[in-house]
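Trainee: no sequence for this one, just the structure:
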């Protein structure tokens with residue numbers, strides 16, 4: 001993750017359901033926001049206000065970010081206006097999840113795909 005954050009301030013972590021994205025995210029030293037929760041969705045309704053409240057250099061995880069009404073908006077604002085923030089955004093690689101992301105993030109993020117691990 002550190003290597004990807006050196007390239008871009010936003011890292012998009014995708015993968016199939018149950019691949020371990022949330023587990024991996026929670027292992028990082030970062031502020032964790034579960035975007036499935038209505039309280040988190042409400043807090044992120046005003047992306048500029050939320051991002052402005054964070055310390056410069058903060059590491060933020062938006063887990064299941066595709067659950068937000070406009071996930072690409074918060075990431076675009078973060079990349080353009082708050083580049084010192086390091087953000088990991090996770091989401092399913094399903095069509096429904098990726099459909100919410102527009103071309104506005106092109107060139108603003110690094111992408112990492114987490115393949116499922118088979119335990120025997």
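Mentor: Noted; the coordinates are in hand. Source: prediction; values computed, not measured. Residues are numbered from 1 along each chain as shown.
Trainee: CA atoms for contacts and neighbours, from now on please.
Mentor: Noted.
Trainee: SS state for the residue positioned nearest the centre of the chain?
Mentor: Closest residue to the average C-alpha location of the chain: residue 89 at 1.2 Å, with Cα atoms, centre = their mean. The local conformation at residue 89, judged by DSSP: H, G, I helix; E, B strand; the rest coil, is strand.
Trainee: for it, what are its contacts?
Mentor: Residues counted as contacts of residue 89 (Cα atoms under 8 Å, 6 or more residues apart in numbering) are 10, 11, 12, 13, 61, 62, 63, 64, 65.
Trainee: my read: residue 34 touches residue 40, true?
Mentor: Yes. With contacts counted by Cα atoms under 8 Å, residue 34 reaches residue 40, the gap being 6.7 Å.
Trainee: neighbour-wise, which of the two wins?
Mentor: Of the pair residue 34 and residue 40, residue 34 is the one with more neighbours under other Cα atoms under 10 Å, namely 17 against 14.
Trainee: leaving out the residues flanking it, which one is nearest to that one?
Mentor: For residue 34, ignoring the flanking residues on the chain, the nearest one in space by Cα to Cα, 6 or more residues apart in numbering is residue 63 at 5.0 Å.
Trainee: who does residue 113 bridge with?
Mentor: residue 14 (DSSP bridges).
Trainee: thinking again about what came up before, I figured the residue nearest to residue 34 was touching residue 31, is that so?
Mentor: No. Residue 63 is beyond contact range of residue 31, at 10.6 Å (criterion: Cα under 8 Å).
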